[in-house]
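**Q** Give me a model of this one.
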Amino acid sequence: MLNFIRTLTMAAALMTLTSTATAQDLEKGFAFYQKGDFTAAMKEWHPLAEQGDAGAQLGLGHMYNDGNGVLKDAKESTRWFRLAAEQGHASAQYSLGLMYDNGDGVLKDAKVAVRWFRLAAEQGHTSAQY
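**A** Take a look at the predicted model:
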């Protein structure tokens, strides 16, 4: 159930973009991700993430966090979440807060976790508000 909720949250988060071409590539990556074709999702998202697309960075963060198509790597997951979070991406801020709250890929730090949760909550992220 948690993966289903995470998938829905990621879908909504990924679709908040300005460029139509980028949105189409992001959507293609998400469609591959939903089908379990993580290699194809990575091919769509990685170039976008490297170019600074926060939605693609969020997607890669989840792939590394869950070990979908890549080796599970909390530090790499945290890196991608941080890049998107620093751009103001609410779902990435929430995910980064979770990393600090749980000590995944970073030292456990409740104060830093709360800071990221608060930033996401201020943008209306309901899980962060909770």
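
**Q** Not including adjacent chain positions, what is the nearest residue to Ser127?
**A** Nearest residue to Ser127 in three dimensions, chain neighbours excluded: Tyr94, at 5.9 Å (CB to CB, 6 or more residues apart in numbering). C-beta: built from backbone N, CA, C; applies to glycine.

**Q** farthest residue from the center of this structure?
**A** In terms of distance from the mean C-alpha position of the chain, Lys111 ranks first, at 20.7 Å (CA atoms, centre = their mean).

**Q** does that residue sit in a helix or strand, and which one?
**A** Here Lys111 sits within helix 110-122, counting by DSSP states H and E.

**Q** Provide the contact partners of the very next helix or strand once past that helix at residue level.
**A** Next in sequence after helix 110-122, counting helices and strands by DSSP H and E, comes helix 126-129. Contacts to helix 126-129, defined as CB atoms under 8 Å, 6 or more residues apart in numbering, come from residues 9, 90, 93-94, 97, 117-121.
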